[in-house]
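[1] here is the input, now give the coordinates:
(2 chains)
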Amino acid sequence: ETGVTQTPRHLVMGMTNKKSLKCEQHLGHNAMYWYKQSAKKPLELMFVYNFKEQTENNSVPSRFSPECPNSSHLFLHLHTLQPEDSALYLCASSQDGGAPEKLFFGSGTQLSVL
Amino acid sequence: KNQVEQSPQSLIILEGKNCTLQCNYTVSPFSNLRWYKQDTGRGPVSLTIMTFSENTKSNGRYTATLDADTKQSSLHITASQLSDSASYICVVSAKSGGSYIPTFGRGTSLIVHP
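    You can find the predicted model right below:
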């Protein structure tokens, strides 16, 4: 185990649903990230939180809404998604968001949008 | 634009054989290069990190090389095992101010057959 836990592991939702992805890290890290991994494409950085403050929003559509209540928890709220949003969503953490020498990833949530 | 290109896209080898995965990058200013292993249904896990001054680094049966002049890295796997079947992702980080910006490759999918 990497110390980063994501739930649920799998999620199927319709385009009108609202759901949330959860991530928790037990490593004492200060930075947390959301990445999107689509088939045959490199990982795409979505959001970065450093000490609970959002430091990066990589031009992500507003149908994805992150929330970071504390340094150990990160959520990704989903609403009115499109089929092209189907992907593996990975949460990661690092000791320092300004210098992410090493990322620790969760196992991801495999999302299917019907 | 910073880019990381990996080859081959996929590779099938027999158990016990060696293989080499390639990573070419155009990332500037270069800070470090990491190889991650991603098992199916899991998040990526760091295998090794290379900095500018390092030419080679080993982690068990995995040996990474770096040629900073030609901007190439390779990951050599010796005496492959079935558990080596995974996607191997090359990540090159650039230093921007006090931050490190990682650029991900698409990965090489390795299948080891018995």
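
[2] ends of stretch A:81-90, what's the gap?
    17 Å (CA to CA, to the nearest Å).

[3] show me which residues of chain A are close to chain B?
    A:2, A:4, A:9, A:40-43, A:45, A:90-92, A:98-103, A:105-108, A:110 (CB under 8 Å from any CB of the partner chain). Heads up, the C-betas are built off the backbone N, CA and C, glycines and all.

[4] list the contacts for the residue of chain A found nearest chain B?
    Proximity of chain A to chain B (CB to the nearest CB) peaks at residue A:105, 2.9 Å away. Going by CB atoms under 8 Å, 6 or more residues apart in numbering or on different chains, residue A:105 touches A:2, A:4, A:35, A:90-92, B:43-45.

[5] neighbouring strands - and their directions - for the helix or strand hosting residue A:47?
    Using DSSP states H and E, residue A:47 sits within strand A:44-50. Using DSSP bridges, the strands paired with strand A:44-50 are strand A:31-37 (antiparallel), strand A:53-57 (antiparallel).

[6] hey, which of those strands is tucked in deepest?
    Using mean count of other CB atoms under 10 Å in any protein chain shown, the stretch among the strands paired with strand A:44-50 with the largest mean neighbour count is strand A:31-37, at a mean of 24.

[7] where do the strands sit along the chain?
    No chain in the question, so chain A it is. Ranges of strands in chain A, per DSSP state E, are A:4-7, A:10-13, A:18-25, A:31-37, A:44-50, A:53-57, A:64-70, A:73-79, A:87-94, A:104-105, A:109-113.

[8] not quite, I wanted chain B
    B:3-7, B:10-14, B:19-26, B:30-38, B:45-51, B:56-59, B:62-67, B:72-77, B:86-96, B:99-104, B:108-113.
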